[in-house]
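**Q** Quick one, fold the following:
(one chain, ligands or ions: 1)
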Amino acid sequence: MNVLVLNGPNLGRLGTREPAVYGTTTYSDLVTLCERAGEELGLSVEVRQTDHEGELLGWLHGAADAGTPVVLNAGAWTHTSVAVRDACAQLTAPLVEVHISNVHKREEFRHHSYISGVADGVVVGLGVRGYALALRWIAGRD
Ligand code: DQA
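**A** Numbering: from 1, shown residues only. The predicted structure is shown next:
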């Protein structure tokens with residue numbers, strides 16, 4: 001099974017970006033972690049990151065057309081983008097929303113997610129390991 005792991009703005013800067021909040025794992029480490037988890041689970045995992053909202057929308061449209069499951073960390077767009085939510089609503093395969101930090105422990109503006117209402121599940125605050133847990137659930141190995 002193909003699975004897309006999609007990351008939104010600023011997540012390419014993991015490792016140097018606010019390490020006290022997001023940890024020291026780099027984006028490239030995150031890609032490796034997801035690919036290894038995929039190998040163990042028998043999934044073909046492709047990891048992408050973009051700072052351009054239209055690009056993410058295009059990837060979500062492609063996943064909707066192909067019936068591909070998605071693990072999505074939409075970063076700040078989680079809290080701002082009706083367009084990303086509307087694209088997620090078109091997905092037919094499972095969608096798991098992931099956040100590295102516990103957004104509910106942080107600023108009020110991070111408490112609301114436009115994505116959660118159209119996601120099958122949400123993994124929040126478990127660090128980058130949350131991605132592997134999301135993949136595990138998609139593989140039916142939880
Ligand atoms: C984040 C949380 C968001 O509030 C923030 O804008 C991010 C990362 C997380 O993974 O914890 O960019 O999605």
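**Q** can you tell me which residues contact the closest residue to residue 46 other than its chain neighbours?
**A** Residue nearest to residue 46 in three dimensions, not counting chain neighbours: residue 4, with 5.6 Å by CB to CB, 6 or more residues apart in numbering. Placement of C-beta: from N, CA and C, glycine included. Applying CB atoms under 8 Å, 6 or more residues apart in numbering, we find residue 4 in contact with 45-46, 48, 59, 63, 68-71.
**Q** could you redo the last one with a cut-off of 10 Å?
**A** Neighbouring residues of residue 4 by CB atoms under 10 Å, 6 or more residues apart in numbering: 44-48, 59-60, 62-63, 66, 68-72, 91, 93.
**Q** Out of the residues you listed, which end up buried?
**A** Among the contacts of residue 4, those classed as buried by 16 or more other CB atoms under 10 Å are 45-47, 59-60, 63, 68-72, 91, 93.
**Q** So which of those is the closest to residue 83?
**A** residue 60 (9.6 Å; CB to CB).
**Q** mind checking the SS state of that closest one?
**A** helix (DSSP: H, G, I helix; E, B strand; the rest coil).
**Q** To which secondary structure element is the residue nearest to it when sequence neighbours are not counted assigned?
**A** Take residue 60 and drop its neighbours on the chain: the residue closest to it by CB to CB, 6+ apart is residue 87, 3.8 Å away. Element membership of residue 87, judged by DSSP states H and E, is helix 82-89.
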